[in-house]
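Engineer: Turn this into a model:
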Amino acid sequence: MSIGKAVAKRIEELRAERGITLNKLAAMSGVTQSTLNNIVSGASKSPTISTIKKVCDGLEITVVAFFDAPLFQDLEQELK
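Structural biologist: Sure, this is the predicted structure:
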């Protein structure tokens, strides 16, 4: 799995756990809904750590907690 897909899945996982919409997450994090849509749809293949940090702040979790998930264990090599 690529990092972009893993980040998208993690955002969707955290959003589902909290029962919030992408629109609500956008409001909580200060990240535009279109940016979040691009991340979760796969249109944005490599979201910045700054954007991920904003999402984490909106969800009131640390970046470490965000990446502390099994789906980040076996990422594909990005260099080809």
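Engineer: okay, CA-based contacts and neighbour counts for the rest of this
Structural biologist: Fine.
Engineer: next one: stretch 16-29 to chain centre, how far?
Structural biologist: 11 Å (Cα atoms, centre = their mean, to the nearest Å).
Engineer: Actually, stretch 38-48.
Structural biologist: 9 Å.
Engineer: any weak-confidence spans in the protein?
Structural biologist: The chain contains residues with pLDDT under 70 at 79-80.
Engineer: in it, which spans are helices?
Structural biologist: 3-18, 22-29, 33-41, 49-59, 63-67 (DSSP state H).
Engineer: Those: which one's closest to residue 78?
Structural biologist: helix 3-18 (8.2 Å; Cα to Cα).
Engineer: Okay, buried residues for that closest one please.
Structural biologist: By 16 or more other Cα atoms under 10 Å, the buried positions in helix 3-18 come out as 3, 4, 5, 6, 7, 8, 9, 10, 11, 12, 15.
Engineer: count of neighbours near residue 76?
Structural biologist: 10 (other Cα atoms under 10 Å).
Engineer: How about the contacts made by it?
Structural biologist: For residue 76, the contact set (Cα atoms under 8 Å, 6 or more residues apart in numbering) comprises 1, 2, 3.
Engineer: try 7 Å this time
Structural biologist: 1, 2 (Cα atoms under 7 Å, 6 or more residues apart in numbering).
Engineer: Export the buried residues of helix 3-18 to JSON lines and append columns for distance to residue 36.
Structural biologist: Output for those, formatted as JSON lines (distance: Cα to Cα, whole Å):
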{"residue": "3", "distance to residue 36": "15"}
{"residue": "4", "distance to residue 36": "12"}
{"residue": "5", "distance to residue 36": "13"}
{"residue": "6", "distance to residue 36": "14"}
{"residue": "7", "distance to residue 36": "11"}
{"residue": "8", "distance to residue 36": "9"}
{"residue": "9", "distance to residue 36": "12"}
{"residue": "10", "distance to residue 36": "12"}
{"residue": "11", "distance to residue 36": "9"}
{"residue": "12", "distance to residue 36": "10"}
{"residue": "15", "distance to residue 36": "11"}
